[in-house]
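[1] here are the coordinates; sequence isn't available:
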């Protein structure tokens, strides 16, 4: 992303509509913004090219796909210079849906979904902990996820 690009009010308005409903038709956004549909297409394309919009996707409840167990794993890496190698291995594990390099007592925070607790234990013991340079893990199991949302965009979407 171009860090020098400054979002203007129109960009923020467009983003606020798309974050609220990624399937909202561009013509409807155009009407709300008082511009042409082509202008919205151009703006969205520019926001994609700049890496501000990284994609559009459907949000699916993991439990409906057979993955009701959500866990967060705090992970320590033995050597900081091995971070990229560890991340490359983590990308190969389909159960890992998020990976964050963090500050604090741990190096990495993972979010994973599994089919049951045996599956969770299998992923931790026989996959994640087998990655070279993974020194230790600490697992927290999510008991409930009351809500999930995209980042809030300051704008005037209705």
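    Yes, it's here. For clarity, every value in this text was computed on a predicted model and none was experimentally measured.

[2] in the least confident helix or strand in the chain by mean pLDDT, what's buried?
    In the chain, no helix or strand scores lower on mean pLDDT, DSSP states H and E than helix 9-20, which sits at a mean of 93. Neighbour counts over helix 9-20 (16 or more other Cβ atoms under 10 Å) mark 11, 13-19 as buried. Quick note: C-beta positions are derived from backbone N, CA and C, even for glycine.

[3] Tell me who's in contact with the spatially most central residue of the chain.
    With distances taken as Cα atoms, centre = their mean, residue 98 lies nearest the centre of the chain, 6.1 Å away. Listed by Cβ atoms under 8 Å, 6 or more residues apart in numbering, the contact partners of residue 98 are 109-111.

[4] So it belongs to a strand, correct?
    Yes - under DSSP: H, G, I helix; E, B strand; the rest coil, residue 98 falls within a strand.

[5] for it, which residues make a bridge with it?
    Beta bridges link residue 98 to residue 111, judged by DSSP bridges.

[6] Tell me how far it lies from residue 4.
    28 Å (Cβ to Cβ, to the nearest Å).

[7] What is the burial count for residue 101?
    13 (other Cβ atoms under 10 Å).

[8] again but with residue 133, I slipped
    16.

[9] isn't residue 102 right up against residue 108?
    Yes - shown here, residue 102 and residue 108 form a contact pair, counting by Cβ atoms under 8 Å, at 6.6 Å.

[10] which one is residue 152 nearest to, not counting chain neighbours?
    With Cβ to Cβ, 6 or more residues apart in numbering as the criterion, residue 152 has its nearest non-adjacent residue at 7.8 Å, and that residue is residue 19.

[11] which residues of the protein fall in strands?
    69-77, 96-101, 108-114, 134-142 (DSSP state E).

[12] Could you dump these into CSV with mean pLDDT and distance to residue 51 added?
    Converted to CSV, the strands of the chain look like this (pLDDT from 0 to 100; distance: least, Cβ to Cβ, whole Å):
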stretch, mean pLDDT, distance to residue 51
strand 69-77, 98, 27
strand 96-101, 97, 18
strand 108-114, 98, 22
strand 134-142, 98, 30
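
[13] To residue 25, which of those lies closest?
    Checking the strands of the chain against residue 25 by Cβ to Cβ gives strand 96-101 as the closest, at 29.0 Å.
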